[in-house]
Each structure stands twice: as structure tokens, then as C-alpha cells.
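Visitor: Give me the fold of what follows.
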Amino acid sequence: MKFLLSFIFLFTASHLACGQNTPAELPAIETKKVTADWRIDGQIGVSTNGQAIFLNFGGPNIRFQYKKVAWGLSLYPSLRFLEDAPRTFILPTLGFGAYLQYKKIGLILPIYYNGVKNEWIPSAGLSYKLGK
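Guide: Now for the predicted structure:
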């Protein structure tokens with residue numbers, strides 16, 4: 001009985017919702033075209049946290065784009081240049097963070113994890129998109 005009453009309610013509601021206006025009478029709704037995709041962008045960037053410099057290379061990302069502006073989340077395979085007296089260390093690391101890009105220039109905000117000190121290292125920098 002509950003199934004029959006639910007079916008009758010949904011059937012009636014769907015016909016009442018669709019039956020009043022023809023497509024020519026409906027108001028126009030403007031939609032903005034925002035595209036989203038998953039890909040690997042060719043980009044190179046430099047970011048810093050004040051103590052170390054990170055050379056970032058484009059990794060896989062989730063990208064949203066509206067006209068010439070793009071934003072999203074990305075993984076940043078990086079080289080970390082850390083100056084420690086008397087030598088400089090170059091360490092590979094992987095970061096994760098957000099980016100905002102206009103045409104080919106972008107602002108990146110990656111976060112890196114340091115397992116030795118058990119801490120997160122936030123940084124900020126600029127990037128340049130290679131290719132189209």
C-alpha cells in the first residue's frame with residue numbers, strides 16, 4: 001500500500017510540475033561556462049617558506065577553468081633546496097596544494113610534509129605553464 005501511494009504521489013507531482021509552461025514561455029537562464037578536468041599540466045614553479053626554496057614541476061591536478069582564469073588542486077613533485085652550514089642539501093619531496101592561474105602565470109600554494117621533524121611546511125610562489 002505504501003508503494004502504491006508513493007507511486008501515485010510521484011506520478012502526479014511530476015505531471016503537475018511539467019504541464020503548465022511550454023518551452024517558448026520559459027524565461028531564459030544564462031549559464032557561465034566553467035569547465036573541469038583531471039590532467040597533468042606542464043608547469044614549472046618556484047616557491048618558498050622563508051627557510052627553503054622549492055623548485056616545483058607540474059603534476060596531476062584537478063582543474064577548473066572559466067575563460068582565461070584557472071584554479072584547482074595539484075600535486076607538486078619538487079626539489080627542496082635547504083641551506084645548512086657548511087653545505088647545501090637538495091632533497092626530493094612531494095607537495096600538495098592549490099593554485100590560481102591567469103593565462104600562463106600562476107600563484108601556487110603548496111604544502112610539504114617533513115617526516116623527519118613530523119611537521120607540515122606551507123609555502124607560496126609563482127609558476128609558469130608550458131605549452132598551450
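
Visitor: list the contacts for residue 83?
Guide: 52, 89 (Cβ atoms under 8 Å, 6 or more residues apart in numbering). In this view, the C-beta of every residue, glycine as well, is placed from N, C-alpha and C.

Visitor: What's opposite it in the beta bridge?
Guide: Beta-bridge partners for residue 83, by DSSP bridges, are residue 88.

Visitor: cool, the one 10 residues further on as well?
Guide: As for beta bridges, residue 93 partners with residue 78 under DSSP bridges.

Visitor: Output the lowest mean pLDDT helix or strand found in this structure.
Guide: helix 2-18 (a mean of 51; mean pLDDT, DSSP states H and E).

Visitor: Adjacent strands (with direction) for the following helix or strand past that one?
Guide: Sequence order places strand 35-40 as the next helix or strand after helix 2-18, per DSSP states H and E. Using DSSP bridges, the strands paired with strand 35-40 are strand 60-66 (antiparallel).

Visitor: For the partner strand, the averaged confidence score.
Guide: For strand 60-66, mean pLDDT rounds to 89.

Visitor: what do you get for stretch 125-132?
Guide: So the average pLDDT for stretch 125-132 ends up being 90.

Visitor: now the residue nearest the centre of the chain, nearest residue through space, not along the chain?
Guide: In the chain, the residue lying closest to the centroid (Cα atoms, centre = their mean) is residue 72, at 1.6 Å. Excluding the flanking residues, the one nearest residue 72 by Cβ to Cβ, 6 or more residues apart in numbering is residue 63, at 4.3 Å.

Visitor: So what's the residue count around that neighbour?
Guide: 18 (other Cβ atoms under 10 Å).

Visitor: same question, residue 127
Guide: 25.

Visitor: Please report how far it lies from residue 57.
Guide: 10 Å (Cβ to Cβ, to the nearest Å).

Visitor: which intervals of this protein have sub-threshold pLDDT?
Guide: Within the chain, the segments meeting pLDDT under 70 span 1-31, 85.
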